[in-house]
Structures are given as C-alpha cells and as structure tokens.
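# here is my input; please provide its structure:
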Amino acid sequence: MTKNELSGAIFATLFVSGDAIDLSAFAAFFDMDIDEVDIMVQEIMEDCARREDGILLVRIGDKVQLCTNQKYGDVVKELLAPEERTSLSAAVMETLSIIAYKQPVTRAEIDEVRGVRSNYAVSTLTEKGLIRVIGRKDALGRPALLGTTDEFLRHFGIASLEELPKIDFEALETDKDESVENSLTT
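Below is the predicted model of the structure:
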C-alpha cells in the first residue's frame with residue numbers, strides 16, 4: 001500500500017468515525033507492521049502540516065484523529081460562530097487535577113485530598129466527558145476508580161498524560177506539614 005492510499009484510507013475512516021482510532025487497528029486491517037504504519041502516519045502528519053492543510057492528522061497516545069488546523073481557527077469561529085465553552089469552576093478544576101495526577105482514584109480518595117465532598121465536581125466532569133469510570137477498586141464496596149479520557153487530552157491540547165506539568169508531591173506535603181507546625185507554635 002502506498003502512502004497516498006494509506007493516507008486516504010486513514011482520513012476517510014477517521015472522518016466517518018469522528019473519534020480517534022488506534023494505530024494497531026490500521027496495522028491489523030492493512031496487514032502491516034505497527035511500526036510501518038507509525039512511520040507512514042508521522043510522514044502524513046508532517047505533509048499536512050507543511051502544506052498548511054485545514055484538516056490535520058494528530059496523535060493522541062497510540063491513536064490518531066482528525067482536527068482542524070489552529071491557523072484557521074478564527075475563520076471557522078467567525079463563519080460558524082460556535083457556542084463558547086463554559087469554563088470549569090475552581091472546585092471542578094481542582095478535582096480534575098487530582099484525578100489526572102493520581103488516577104486511578106476513587107471519589108473517597110478525592111474527597112480526602114480536597115477535604116470536602118466532590119460529588120458535584122465528579123458529576124460535572126463525567127457529563128463533560130473529561131473523566132470516566134475505568135474500573136473498580138478491590139476493597140469493601142468495590143468503589144469506582146476514576147480516570148481521565150481522550151476528551152480530557154483534547155480539551156487541554158495534550159497528546160498524553162506525560163505532558164502534564166511535573167509536580168513534586170513530596171515537597172508539597174513537606175510544605176503543608178511545616179505550615180501546620182508553624183501555625184500550631186504561634
């Protein structure tokens with residue numbers, strides 16, 4: 001299969017599906033090695049970017065998806081006047097951050113970190129498709145384990161969780177403990 005044929009097949013499939021598709025699915029369907037498909041997809045992505053196409057092929061982890069070129073964002077926005085996204089409240093963002101960094105995590109674990117109940121925030125994030133149940137904890141009651149979704153990655157414009165800013169949780173705990181000690185001694 002030539003690069004042009006593979007490109008056409010990938011674009012057509014992604015256009016119809018509307019969602020990201022795993023590279024391994026393309027490799028299996030076209031009876032190709034995953035590394036071959038990966039290299040060809042990278043070349044297609046570079047070709048689209050170089051030509052400044054309106055529709056680009058992007059990677060999200062081991063998946064590929066179609067997206068509009070940011071260069072044409074103002075044109076699309078002006079012509080289609082899409083509804084503005086509502087921003088996430090501080091409490092919802094705090095909950096999302098905990099889930100993103102500590103996943104898989106239960107609602108009780110989120111509540112423990114925040115010091116307040118997170119039912120509304122978890123509900124809001126689930127409705128927006130930014131988090132989902134990814135399993136059950138092997139504990140009493142088998143509570144749901146929450147994790148982020150591909151929509152979370154798209155929403156924040158990152159390809160994988162590895163792109164999240166690094167946080168030194170041990171240093172934060174040390175600072176928190178010192179603050180508590182200082183407040184008790186004064």
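
# what about this structure, any weak spots by pLDDT?
By pLDDT under 70, the low-scoring segments of the chain are 82-85, 169, 172-173, 175-186.

# try 80 this time
Within the chain, the ranges that satisfy pLDDT under 80 run 1, 81-86, 168-186.

# how is it divided into domains?
3-79, 90-185 (automatic domain parsing).

# could you tell me the end-to-end distance of the shortest one?
End-to-end distance of domain 3-79 (C-alpha to C-alpha, to the nearest Å): 33 Å.

# quick one, what contacts the residue positioned nearest the centre of the chain?
Nearest to the mean C-alpha position of the chain, by C-alpha atoms, centre = their mean, lies L153 at 1.9 Å. Neighbouring residues of L153 by C-beta atoms under 8 Å, 6 or more residues apart in numbering: I60, G61, A159, S160, L161. Placement of C-beta: from N, CA and C, glycine included.

# now, among those residues, which is nearest to L14?
Nearest to L14 among the contacts of L153 is I60, at 11.6 Å by C-beta to C-beta.

# measure C48 to H155 for me?
Using C-beta to C-beta, to the nearest Å, C48 is found at 22 Å from H155.

# what do you get for A12?
A12 is 26 Å from H155, by C-beta to C-beta.

# the two: which has the busier surroundings?
Using other C-beta atoms under 10 Å, the more surrounded residue of A12 and H155 is H155, with 16 against 10.

# the more buried one: what secondary structure?
Classification of H155 using DSSP: H, G, I helix; E, B strand; the rest coil returns helix.
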